[in-house]
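Colleague: The following comprises the amino acid sequence and a computationally predicted model.
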Amino acid sequence: REEYVDLYVDYMFNKSVQKPFEDFMQGFLRGCPARNWKIFFPEELQVLFQGHTTFDWHLLEKNVIYIQYKQLDQTIRNFWTVFHKLPEEKKKMFLAFLSGSDQISGYGLECFRFSIADPQVENPDESSPYASTCNLILFLPR
């Protein structure tokens, strides 16, 4: 019985996927030759391909560039107070709204910069925030 289980497990996890895995590996190595990726640890490769998935949100706040705003303006202080109270999932949803992705490239938040701009609309109470994902600008009405 033990031999049967060993053979079955070997078949399911190795032999049954051998051809598709070899095809995948061949394509992967064509796009990313082994000499290029063998210098990385597995964790580094994961970040390189997937981006960072955990963030220091206060560092994000420190890297913001303000346009027609100052850091101590009430609108900005209110924004960050609410933002930091959000659950992690909602913060990532904001990141996706702002940039089009809920992840940050392999460079991390140290290099991620976005702007918060005043859209200078006539009646800010009737306007909603919107983002320019290409330029990483959040337009936040007063």
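Modeller: Noted; the coordinates are in hand. Numbers count the residues shown, from 1 in each chain.
Colleague: ok, residue 23 - contacts?
Modeller: If you count contacts by Cβ atoms under 8 Å, 6 or more residues apart in numbering, residue 23 has none. No exception for glycine: its C-beta is placed from N, CA and C like everyone else's.
Colleague: Using the three-state scheme, assign it.
Modeller: Taking DSSP: H, G, I helix; E, B strand; the rest coil as the rule, one finds residue 23 in the helix state.
Colleague: Residue 31 versus that one, what's the distance?
Modeller: 13 Å (Cβ to Cβ, to the nearest Å).
Colleague: Also residue 74?
Modeller: Look at residue 74 and residue 31: by Cβ to Cβ, they are 50 Å apart.
Colleague: Please list the outside residues in contact with the one helix or strand residue 94 maps to.
Modeller: Using DSSP states H and E, residue 94 sits within helix 88-99. Helix 88-99 is contacted by residues 55, 57, 83, 86, 101-104, 114, 131, 133, 136, 138 when judged by Cβ under 8 Å, 6+ apart.
Colleague: what about 10 Å?
Modeller: The contact list for helix 88-99, computed with Cβ atoms under 10 Å, 6 or more residues apart in numbering, reads 53-55, 57, 60, 83-87, 101-105, 112, 114-116, 129-134, 136-138.
Colleague: where are the low-confidence patches of this structure?
Modeller: 47, 49-53, 105-110 (pLDDT under 70).
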